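Asker: fold the following for me, if possible:
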Amino acid sequence: MRQPEGNGVTERVIKTLKEQLHWIRYFPTIEALRKGLAEFADLYNASWLRERHEHKTPNQIRAEQRALATEAATELKLPA
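Answerer: Purely as a prediction, here's the structure:
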């Protein structure tokens, strides 16, 4: 199934990276850029609130989804 909004999402991610990282920091080497991207990803996942997920961080959303998946898997186990 194709998702036409995917291109818009990708463009928004690139714009965010430019505005929040690339335009405000200088990276003299590729390794420095890799480290900066990893630091940005950690900060984003820990602190940026997602409106469509009731203003939770990506880390909170993932934790809830893992808990739901674990609960569903536990409920589906067949007796031995």
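Asker: could you check how far residue 43 is from residue 20?
Answerer: Distance, residue 43 to residue 20, by CB to CB, to the nearest Å: 9 Å. For the C-beta atoms, the positions are set from N, CA and C on the backbone; glycine is no exception.
Asker: actually residue 60, not the one I typed
Answerer: For residue 60, the distance to residue 20 - CB to CB - is 20 Å.
Asker: swap in residue 13?
Answerer: For residue 13, the distance to residue 20 - CB to CB - is 11 Å.
Asker: cool, and residue 35?
Answerer: 15 Å.
Asker: for residue 32, same thing?
Answerer: In terms of CB to CB, residue 32 sits 16 Å off from residue 20.
Asker: same thing with residue 10?
Answerer: Relative to residue 20, residue 10 is positioned 16 Å away (CB to CB).
Asker: neighbour count winner among the two?
Answerer: It is residue 20, of residue 10 and residue 20, that has more neighbours when counted by other CB atoms under 10 Å, with 14 against 10.
Asker: nearest spatial neighbour of the more buried one, chain-adjacent residues omitted?
Answerer: Using CB to CB, 6 or more residues apart in numbering and skipping the chain neighbours, the partner closest in space to residue 20 is residue 40 (6.8 Å).
Asker: make sure the one you found is indeed in a helix.
Answerer: Yes: counting by DSSP: H, G, I helix; E, B strand; the rest coil, residue 40 is part of a helix.
Asker: hmm, residue 18 and it touching each other?
Answerer: No: Residue 40 is beyond contact range of residue 18, at 11.4 Å (criterion: CB atoms under 8 Å).
Asker: of these two, which one has the most company?
Answerer: Taking other CB under 10 Å, residue 40 and residue 18 do not tie; residue 40 has more neighbours (16 against 11).
Asker: show me where the protein has strands.
Answerer: With DSSP state E, there are no strands along the chain.
Asker: low-confidence ranges, it, go.
Answerer: Low-confidence segments of the chain, defined by pLDDT under 70: 1-4, 78-80.
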